[in-house]
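Enquirer: following is a predicted model, sequence given first.
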Amino acid sequence: MTAVASSPSTRSARLGLRATPEQEVVLRRAAEVAHKSLTDFILDSACLAAEQTLLDQRLFMVSGSQYQALMDLLDRPEQANEGLRDLFARKAPWDAK
């Protein structure tokens with residue numbers, strides 16, 4: 001997963017935050033180690049965390065037609081899949097010993 005792409009020339013939204021002096025030191029050190037500006041480091045880190053939070057959602061709101069389309073797909077009879085059959089017939093690498 002990659003953070004939302006941005007470049008300094010396309011940034012127009014302004015965000016403000018307050019941090020303790022200790023948090024600032026940690027963030028500045030981490031940005032330096034990552035060879036990024038403090039702004040880039042904070043934005044990249046925040047976007048990665050935000051994307052992960054969104055991907056971890058367990059509840060998805062969909063329209064009635066989207067829900068019905070999913071139910072129709074799930075209710076379809078199974079189809080033979082030789083690739084999956086072959087895959088599941090093999091021993092897992094960690095069980096092969």
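Expert: Great, that's in hand.

Enquirer: buried ones in stretch 25-34?
Expert: By neighbour count on 16 or more other Cβ atoms under 10 Å, the buried set for stretch 25-34 is residue 31. Heads up, the C-betas are built off the backbone N, CA and C, glycines and all.

Enquirer: other residues contacting it?
Expert: Contact with stretch 25-34 is made by 19, 37-38, 40-42, as judged by Cβ atoms under 8 Å, 6 or more residues apart in numbering.

Enquirer: can you tell me which of these are buried?
Expert: 40-42.

Enquirer: could you check how far residue 79 is from residue 73?
Expert: 12 Å (Cβ to Cβ, to the nearest Å).

Enquirer: which one's more surrounded, the two?
Expert: Shown here are residue 79 and residue 73; by other Cβ atoms under 10 Å, residue 73 has more neighbours (8 against 5).

Enquirer: which element, helix or strand, includes that one?
Expert: helix 64-75 (DSSP states H and E).

Enquirer: now that helix - C-alpha only, PDB.
Expert: C-alpha atoms of helix 64-75 as PDB (Å, rounded to 0.1, in the frame of the first residue of the first chain):
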ATOM      1  CA  GLY A  64     -29.800  -1.900  -2.300                       C
ATOM      2  CA  SER A  65     -28.800  -2.700  -5.800                       C
ATOM      3  CA  GLN A  66     -25.100  -3.200  -4.900                       C
ATOM      4  CA  TYR A  67     -26.100  -5.400  -2.000                       C
ATOM      5  CA  GLN A  68     -28.400  -7.500  -4.300                       C
ATOM      6  CA  ALA A  69     -25.600  -7.800  -6.900                       C
ATOM      7  CA  LEU A  70     -23.300  -9.200  -4.200                       C
ATOM      8  CA  MET A  71     -25.900 -11.600  -3.000                       C
ATOM      9  CA  ASP A  72     -26.500 -12.800  -6.500                       C
ATOM     10  CA  LEU A  73     -22.800 -13.500  -6.900                       C
ATOM     11  CA  LEU A  74     -22.600 -15.400  -3.700                       C
ATOM     12  CA  ASP A  75     -25.700 -17.400  -4.600                       C
END
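
Enquirer: thanks a lot, see you next time.
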